[in-house]
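Trainee: Predicted coordinates and the sequence they were generated for:
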Amino acid sequence: MTAKRIDGKQLSDAIKADVAHRVAALKQSGIQPGLAVVLVGEDPASQVYVRNKAAACEKAGLHSEVLRLPADITEERLLRTVRELNLDNRIHGILVQLPLPPHLNSARVIETIAAEKDVDGFHISNAGLLMTGQPLFRPCTPYGVMKMLESENIPLRGAEAVIVGASNIVGKPMAMLLLAAGATVTICNSKTRDLAAQTRRADVLVVATGKPGIVTGDMIKPGATVIDVGINRLPDGKLAGDVDFDSASEVAGAITPVPGGVGPMTIAMLLVNTLEATERYAARTDG
Ligand code: NDP
């Protein structure tokens, strides 16, 4: 069997085109959605992500601002910047690019973002809303995965979903979204005793560990849908996911490539979240 390749680039382009239409409609009523991206320091991967996010905003007609702050900024100064953005009426979404330099407390910085502008969905109140089934913002990467599963008509109700990785930004919110869709969810972490025994049960397998090749074809149930969230830079400079694509493709029913899979979806969903934050802002200020 050769798995169907799920094209995240194509789907993300369609979502971004829809966002551009809705942005144009909002502009007619005098509101342009605005996203502020805060980048602290010079991390090369973060710089690429931030550039891509700003370019996608521009293309879809959103206003975007990148605030580049020095790596040695004090926490107080960074918090002040976030508070200023909270009060800025041109900004409807705020994103602080992670990871932050180690002297900064990421949790405190994220908690300082106004929850209604927290387009990454990492604020503790947004995490709580998601967990209790009343999401305001769905974190962009898992949200993008859900859109991919939906577009492929992958059945989730009653399905066995296994997630490898339990981070606050991918694994845990992914579990909440799959659970809300009716899947039976297992979350694995680095202490999981027999990873292959877990992954082999999965109808839907989502892998987000940052460990290239951690999942191979022999760990996959025939016909399963495999979503590879990992983005790893190999020693030869190439990008690779967490799943061994070649062996997995021989067993899976459908699989996402890296690059061209989940990555572009994450950016598209950031635009969706910023647009929806703006639409809610417009509804509040109209009333
Ligand atoms: P984290 O490092 O925060 O979390 C990794 C998770 O994987 C942890 O829960 C860890 O377990 C688990 N893990 C590590 N080793 C194993 C193992 N051997 N077996 C089972 N579980 C393991 O990573 P992120 O969630 O932030 O990111 C994961 C990957 O996804 C990275 O490659 C990142 O670059 C990529 N990513 C891609 C995005 C995209 O847009 N496509 C967006 C965000 C991330 P434990 O909790 O026990 O430590």
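Mentor: Nice, I can see it.
Trainee: Helices along this protein, start to end?
Mentor: 8-28, 44-60, 75-87, 106-112, 124-131, 140-151, 171-180, 195-199, 245-249, 262-286 (DSSP state H).
Trainee: and among the ones you listed, the most buried is which?
Mentor: helix 140-151 (a mean of 23; mean count of other CB atoms under 10 Å). Bear in mind the C-beta positions are built from the backbone N, C-alpha and C, glycine included.
Trainee: mind checking how far that helix is from the chain centre?
Mentor: 9 Å (CA atoms, centre = their mean, to the nearest Å).
Trainee: then it to PDB, C-alphas only?
Mentor: Provided in PDB are the C-alpha atoms of helix 140-151 (Å, rounded to 0.1, in the frame of the first residue of the first chain):
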ATOM      1  CA  CYS A 140      -2.800  26.800  15.900                       C
ATOM      2  CA  THR A 141      -1.000  23.500  15.300                       C
ATOM      3  CA  PRO A 142      -3.600  21.100  16.700                       C
ATOM      4  CA  TYR A 143      -6.300  23.200  15.100                       C
ATOM      5  CA  GLY A 144      -4.600  22.800  11.700                       C
ATOM      6  CA  VAL A 145      -4.400  19.100  12.300                       C
ATOM      7  CA  MET A 146      -8.100  19.000  12.900                       C
ATOM      8  CA  LYS A 147      -8.800  20.800   9.700                       C
ATOM      9  CA  MET A 148      -6.600  18.300   7.800                       C
ATOM     10  CA  LEU A 149      -8.500  15.400   9.300                       C
ATOM     11  CA  GLU A 150     -11.800  17.100   8.500                       C
ATOM     12  CA  SER A 151     -10.800  17.800   4.900                       C
END
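Trainee: Contacts only, for the closest residue to residue 146 other than its chain neighbours.
Mentor: Counting by CB to CB, 6 or more residues apart in numbering, residue 146 lies nearest to residue 177, which is 5.2 Å off, once chain neighbours are set aside. Residues near residue 177 by CB atoms under 8 Å, 6 or more residues apart in numbering: 130, 138, 142-143, 145-146.
Trainee: ok, which pair from these is furthest apart?
Mentor: Taking CB to CB, the two most distant members of the contacts of residue 177 are 130 and 145; they sit 14.0 Å apart.
Trainee: Can you give me the domain boundaries for this structure?
Mentor: With domains defined by automatic domain parsing, the chain comprises 30-118, 140-262.
Trainee: of those, which approaches residue 286 most closely?
Mentor: Nearest to residue 286, of the domains of the chain and by CB to CB, is domain 30-118 at 9.8 Å.
Trainee: quick one: low-confidence ranges for the stretch 151-287 of the chain?
Mentor: Within the stretch 151-287 of the chain, the stretches with pLDDT under 70 are 287.
Trainee: Spell out which parts of the chain neighbour the ligand.
Mentor: 141, 164-167, 169-171, 188-192, 195, 208-211, 214, 229-232, 262-263, 266 (CB under 6 Å from any ligand atom).
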